[in-house]
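Trainee: Mind folding the following:
(one chain, ligands or ions: 2)
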Amino acid sequence: MTSLLQFSFSPVAGHPRRRRQQQRIVASADRQALFSRIAPVYDNLNDVLSLGQHRIWKRMAVDWSGAKEGSNVLDLCCGSGDLAFLLSPKVGVDGQVTGLDFSREQLVVASSRQNMQSKACYRNLKWVEGDALDLPFSDCYFDAITMGYGLRNVIDKYKALKEVYRVLKPGSKASILDFNKSTDELRTSIQGWMIDNIVVPVAAGYGLAEEYRYLKSSIQEFLTGEELEHLALKAGFSSAKHFEVGGGLMGNLVATR
Ligand SMILES: C/C(=C\Cc1cc(O)c2ccccc2c1O)CCC[C@H](C)CCC[C@H](C)CCCC(C)C
Ligand SMILES: C[S@@+](CC[C@H](N)C(=O)[O-])C[C@H]1O[C@@H](n2cnc3c(N)ncnc32)[C@H](O)[C@@H]1O
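Mentor: Ligands and ions are numbered 1, 2, ... in the order given. All right, here's what the predicted structure looks like:
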């Protein structure tokens with residue numbers, strides 16, 4: 001029997017740099033698709049799986065951003081808009097909150113949540129479909145930036161921090177909340193055990209086991225608090241401090257331009 005040798009000629013095959021770029025494009029598209037798939041259940045599962053605690057962590061992130069009455073603020077990787085909705089009453093009717101995400105499905109959820117609100121301040125919200133690695137905003141444009149569970153999910157963390165720095169006004173803050181890649185083995189074990197034995201089995205009930213299994217690998221591939229501080233300083237921020245919250249399961253980087 002003749003063996004059928006299949007050659008897949010790829011124009012990027014011989015070029016390592018182009019191959020890496022191609023791989024990044026795929027990785028980014030995969031993540032975009034992942035968050036679009038989980039959009040219908042994302043908010044509910046966050047509430048159930050964190051026993052509502054994530055709302056406390058998000059409120060802390062917004063407070064650390066320094067957003068105040070009349071501010072022009074950005075909620076980067078806004079998803080269904082949790083942090084944007086917390087920013088909205090803080091900046092008030094004279095302020096502006098822009099939520100940016102590259103998942104249209106997540107933005108549809110955010111926009112429909114806004115339409116269900118009656119409070120006048122929520123009219124200061126607007127939603128932009130875009131890439132955190134190539135922000136469609138001018139330099140020095142925002143008075144504060146929040147990023148909730150977004151930095152761990154972008155494929156180039158340094159580029160994302162450079163973009164945050166670029167669009168932030170001098171002296172203003174970026175408040176970046178995410179899972180904490182702990183240096184403490186016990187915390188890492190507890191975090192991993194909860195994802196493996198609670199988060200993924202619950203998500204499996206919605207046919208989303210693989211999507212939530214990604215959480216563990218993404219945390220393993222993330223940066224520690226100290227590494228995040230150093231990366232923020234390398235990106236140009238004048239100061240950066242990482243605070244552990246949620247018993248060390250989560251962390252919040254506050255970087256000042
Ligand atoms: C709001 C939270 C996570 C958002 C989130 C971030 C991601 O990168 C994802 C990637 C893929 C699928 C889903 C997400 C995602 O939801 C944090 C809370 C929700 C978590 C899903 C629950 C994690 C459980 C913690 C390990 C322990 C919680 C302890 C609590 C005191 C009970
Ligand atoms: C875990 S969700 C966080 C949503 C929301 N900030 C919250 O705290 O619940 C991560 C979000 O980041 C978005 N995202 C990931 N990479 C992105 C990128 N390069 N540009 C824009 N959005 C991105 C995803 O589409 C997803 O909505």
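Trainee: Going by C-alpha atoms from here, please, whenever you check contacts or count neighbours.
Mentor: Noted.
Trainee: Surely T98 is in contact with S71?
Mentor: No - using C-alpha atoms under 8 Å, T98 is not in contact with S71, being 11.0 Å away.
Trainee: what is the rounded mean pLDDT of the top helix by length along the chain?
Mentor: Ranked by residue count under DSSP state H, the longest helix found in the chain is helix 16-38. The average pLDDT within helix 16-38 is 82.
Trainee: give me the number of residues near the residue in the stretch 151-257 of the chain that ligand 1 sits nearest to?
Mentor: Minimum separation of the stretch 151-257 of the chain from ligand 1 (C-alpha to the nearest ligand atom) falls at Y212, amounting to 4.2 Å. By the criterion of other C-alpha atoms under 10 Å, Y212 has 19 neighbours.
Trainee: swap in A132?
Mentor: Residues near A132, counting by other C-alpha under 10 Å, number 23.
Trainee: so who does it touch?
Mentor: Applying C-alpha atoms under 8 Å, 6 or more residues apart in numbering to A132 gives the contacts 76-77, 100-102, 154, 160, 163.
Trainee: At the geometric centre of this protein, which residue do we find?
Mentor: Centroid-nearest residue in the chain, with C-alpha atoms, centre = their mean: G150, separated by 1.0 Å.
Trainee: Quick one: residues contacting that residue.
Mentor: 76-78, 177-178.
Trainee: Up against ligand 1, what does the stretch 51-200 of the chain have?
Mentor: Counting by C-alpha under 6 Å from any ligand atom, the residues of the stretch 51-200 of the chain close to ligand 1 are 51, 53-54, 149, 153, 191, 194-195.
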